[in-house]
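Participant: this is a predicted model, with the sequence first.
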Amino acid sequence: MEITDCGWNIISDPRKHRSGGGIAMLYRDTIQLKCNSKVTKYKSFQVMESLLHSEQDIVRLVNIYRPPYTKKARYTECAFLEEFDDYLKDLSEKPGSPIIAGDFNFHMERPEEHYPKKLYQLLEDYDLYQHVPLKPTHNQGGTLDLVVTSQSFRGKLTSFEICPSRTTSDHFLVLFDADIKPKTSKDVKFMNYRNFNVIDTEQFKEELINSVLADPPVDMSADDAVILYNTVLTELMDKHCPFIKKKIKKKPMPWLDLELRILRRKRRTAERAWRKSKADSERLRYVRLRDEFSRLEYVKRCAHHKTSLRSSSGDTKTLYKKLNKLLGNEAQDLPNHKDPTKLSEDFKNFFADKVTAIRDGIEKGGVDTPTKESHPIIIDKDPPSLDKDPTLDEGCSFDSFSEITAEELKKLISKMSNKFCCLDPIPAFLLKDCATELSPVLLHIINSSLKTGTFPSDMKKAVIKPTLKKDNADVDILSNYRPVSNLSAISKILERTVLNQLNIHLTRYSLYSEVQSGYRPNHSCETLLVRMM
């Protein structure tokens, strides 16, 4: 509390179940510094990563502590070098220029010795440079504390100086200048949104009836009809509820009201008076105000969080998001990055390469080479053929889809959820309200697609959201993500239409496997378990 009152923040990682030790980073509260809590844990050393966003690039600050060999920590220099090699390999795949600093407990002033020589070689293998002069950084001698950067970042760190810490620590301070201009925190952000509450549904329906969507040309292709659908509805949405730019101001402590601010000001005034006079009366006054502020702040903070959680009682997703934030389990959605466009390209190329590798494995018709991220793909070179099965009825072939009616379309739309994505020109609830007015163009799109056996190009588009495979995975490694596709509403309607007709055909001619439970109507994990019992 005293550190934050003086304009500083701290990120710490104490050594669990042991007295002393641990690592921490102390920084000004005006600097944007984010801790990566998903770094792999190692046995022979502690590591902490934090991201500093500068105006030029991302700087990855790495704090290292290698405890010396003891009876409780039986990890040798050799074990450290092996694990540190693994860490540097992962670090080289992450964005940002690293600055690695900490207590390595290697006598680097003796480069001819075996283990310091091995560490120098390891740094050289990863194109890293050690900056600290070969002078004692410990009161018993030895260059034990190091600062390491990449060779390309080497010129940004200058004026290294080793001086006594003037504390109880047995290590000296290693001071240096860094040519880095950090971004300061910005409390104001802007967002664009539509206010759906201002839409006059009846007027919107009337304009739909008078638009070209009510009677699309018979000879129009499905691709052109989708483009027409998106264009007309986007124009109507811009007319009835245009985008609004809103300023969002970040509130670090929403419960900090006027009463708390006045009390905090009195507490600081009392603290300054006590530190200046050293009088017992001033100290007692400061302690009383400090305790009073802490008690009142706790009461108001609890009341704020209770109100916030009660307001999300009907929304499970939002409720768990708030709970995870309060418990410190808030997950980062994306890797740390400087350029969002470049990150999007990196994800696109990574996911595309994975799909290409899977297709190549299938085309080879054998076993794909197993990797860290994939499992062997085993292909049956002689799959059973339904055409050769004499028990099947000759009339069970499925060679075309049937066109759907307006009633079937409305039934499909009514069963949709209210979720929608940015590819939809109108929200799902408005699509349900206007199902009758939009049925001509939607029937034209779906039936044209079923008749020609083609899927409209615009409906093949998806918004890909990378999602971490595991909550404790490192956010900066792309292979820890899986792609989740958000599709447009009309593409889901077309998919559901095709699925329903396929299910009817497969059920009518008993083409489902008896043990299949997935992707089958009225079947689930429960029915599979009942069958197994």
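Facilitator: That came in fine, so what should we check first?

Participant: and the most centrally placed residue in the chain, which of the three is it?
Facilitator: Closest residue to the average C-alpha location of the chain: residue 333 at 1.2 Å, with CA atoms, centre = their mean. With DSSP: H, G, I helix; E, B strand; the rest coil as the basis, residue 333 sits in coil.

Participant: got it, and the one 5 residues further on?
Facilitator: Assigned with three-state DSSP, residue 338 falls in the coil class.

Participant: how many residues are close by it?
Facilitator: Neighbourhood size, residue 338 [other CB atoms under 10 Å]: 14. Glycine gets a C-beta too; all of them are placed from N, C-alpha and C.

Participant: over to residue 260?
Facilitator: Using other CB under 10 Å, residue 260 is surrounded by 16 other residues.

Participant: quick check: buried residues in stretch 93-106?
Facilitator: For stretch 93-106, burial by neighbour count (16 or more other CB atoms under 10 Å) applies to 94-106.

Participant: and the contacts of it?
Facilitator: Residues from elsewhere that reach stretch 93-106 (CB atoms under 8 Å, 6 or more residues apart in numbering): 23, 51, 57-68, 77, 91, 115-116, 119, 128, 144-150, 152-153, 157, 171, 174, 178, 335-338, 476-477.

Participant: would you format the buried residues of stretch 93-106 as CSV with secondary structure and distance to residue 226 included?
Facilitator: Shown next, in CSV, are the buried residues of stretch 93-106 (DSSP: H, G, I helix; E, B strand; the rest coil; distance: CB to CB, whole Å):
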residue, secondary structure, distance to residue 226
94, coil, 41
95, coil, 37
96, coil, 42
97, strand, 46
98, strand, 48
99, strand, 51
100, strand, 53
101, strand, 56
102, strand, 57
103, strand, 62
104, coil, 61
105, coil, 65
106, coil, 64
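
Participant: okay, the residues you listed in TSV with pLDDT and distance to residue 514 next?
Facilitator: As requested, the buried residues of stretch 93-106 are exported to TSV (pLDDT from 0 to 100; distance: CB to CB, whole Å):
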residue	pLDDT	distance to residue 514
94	86	49
95	84	51
96	84	54
97	89	59
98	93	57
99	95	62
100	95	59
101	95	63
102	93	61
103	93	64
104	94	63
105	92	64
106	93	65
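
Participant: pairing partners for the host helix or strand of residue 248, with directions?
Facilitator: Assigned by DSSP states H and E, residue 248 belongs to strand 243-249. Using DSSP bridges, the strands paired with strand 243-249 in its sheet are strand 188-194 (antiparallel).

Participant: so residue 225 sits against residue 216, correct?
Facilitator: Yes. Assessed by CB atoms under 8 Å, residue 225 is found in contact with residue 216 at 5.7 Å.

Participant: need the residues touching each of those two.
Facilitator: Contact criterion CB under 8 Å, 6+ apart; residues shared by residue 225 and residue 216: 441, 444.

Participant: quick one: which of the two has more around it?
Facilitator: Using other CB under 10 Å, the more surrounded residue of residue 225 and residue 216 is residue 225, with 23 against 20.

Participant: dump the residue contacts of the more buried one.
Facilitator: By CB under 8 Å, 6+ apart, residue 225 lies in contact with 216, 441, 444, 445, 448, 456.

Participant: could you pull up the residues touching residue 126?
Facilitator: Neighbours of residue 126 in contact, by CB under 8 Å, 6+ apart: 88, 92.

Participant: coming back round to it: out of the contacts of stretch 93-106, list just those in helices.
Facilitator: 77, 91, 115, 116, 119 (DSSP state H).

Participant: neighbours around the first one, how many?
Facilitator: Look at residue 77: counted by other CB under 10 Å, it has 19 neighbours.

Participant: and what of the second one?
Facilitator: One way to gauge burial is a neighbour count; for residue 91, by other CB under 10 Å, it gives 20.

Participant: show the average pLDDT along the strand holding residue 248.
Facilitator: The average pLDDT for strand 243-249 rounds to 82.

Participant: same check on stretch 520-533?
Facilitator: Stretch 520-533 comes out at a mean pLDDT of 82.

Participant: phi, psi for residue 264 please.
Facilitator: For residue 264, the backbone dihedrals are phi -70, psi -40 (criterion: degrees, to the nearest 10).

Participant: where's the residue nearest to it when sequence neighbours are not counted relative to residue 191, distance?
Facilitator: Of all residues not flanking residue 264 in the chain, residue 293 sits nearest, at 5.8 Å (CB to CB, 6 or more residues apart in numbering). Applying CB to CB, to the nearest Å, the value for residue 293 to residue 191 is 34 Å.

Participant: who has more neighbours, the two?
Facilitator: Taking neighbours as other CB under 10 Å, residue 293 and residue 191 compare with residue 293 leading, 18 against 10.

Participant: contacting residues for that one?
Facilitator: Neighbours of residue 293 in contact, by CB under 8 Å, 6+ apart: 260, 263, 264, 267.

Participant: ok, the last one - contacts?
Facilitator: What it means is residue 267. 286, 289, 290, 293.

Participant: how about the first one: what's its closest non-neighbour residue?
Facilitator: When you say that, I think you mean residue 286. residue 270 (4.1 Å).

Participant: now the one you found: which helix or strand?
Facilitator: If you go by DSSP H and E, residue 270 is part of helix 258-277.

Participant: how about that helix: buried residues?
Facilitator: 260, 263, 264, 267, 270, 271, 274.

Participant: do stretch 40-54 as well
Facilitator: For stretch 40-54, by 16+ other CB under 10 Å, it's 42, 44, 45, 46, 47, 48, 49, 50, 51, 52, 53, 54.

Participant: doesn't the fifth one lie inside a strand?
Facilitator: Put plainly, it is residue 47. Yes. Per three-state DSSP, residue 47 lies within a strand segment.

Participant: shift numbering so it begins at 823
Facilitator: Got it, first residue is 823 now, which makes that one residue 869.

Participant: so what pairs up with it in the strands?
Facilitator: The partner residues for residue 869, given DSSP bridges, come to residue 886.

Participant: do you know how far it is from residue 951?
Facilitator: In terms of CB to CB, residue 869 sits 19 Å off from residue 951.

Participant: residue ranges with poor pLDDT in this protein?
Facilitator: Applying pLDDT under 70 to the chain picks out residues 823-828, 839-843, 1006-1010, 1071-1074, 1150-1154, 1187-1217.

Participant: for it, which segments count as strands?
Facilitator: Secondary structure of the chain by DSSP state E: the strands cover 830-835, 845-850, 855-858, 868-875, 880-887, 919-925, 950-952, 967-972, 979-985, 995-1000, 1010-1016, 1065-1071, 1285-1290, 1303-1308.

Participant: go through those strands and name the closest to residue 1220.
Facilitator: The closest of those to residue 1220 is strand 1303-1308. By CB to CB, the value is 26.3 Å.

Participant: got the CA coordinates for that closest one in CSV?
Facilitator: C-alpha atoms of strand 1303-1308 as CSV (Å, rounded to 0.1, in the frame of the first residue of the first chain):
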residue,chain,number,x,y,z
TYR,A,1303,-3.9,-21.7,-29.8
ARG,A,1304,-6.8,-23.3,-31.7
PRO,A,1305,-8.9,-21.4,-34.2
VAL,A,1306,-12.6,-20.8,-33.4
SER,A,1307,-14.7,-19.6,-36.3
ASN,A,1308,-17.6,-17.2,-36.0
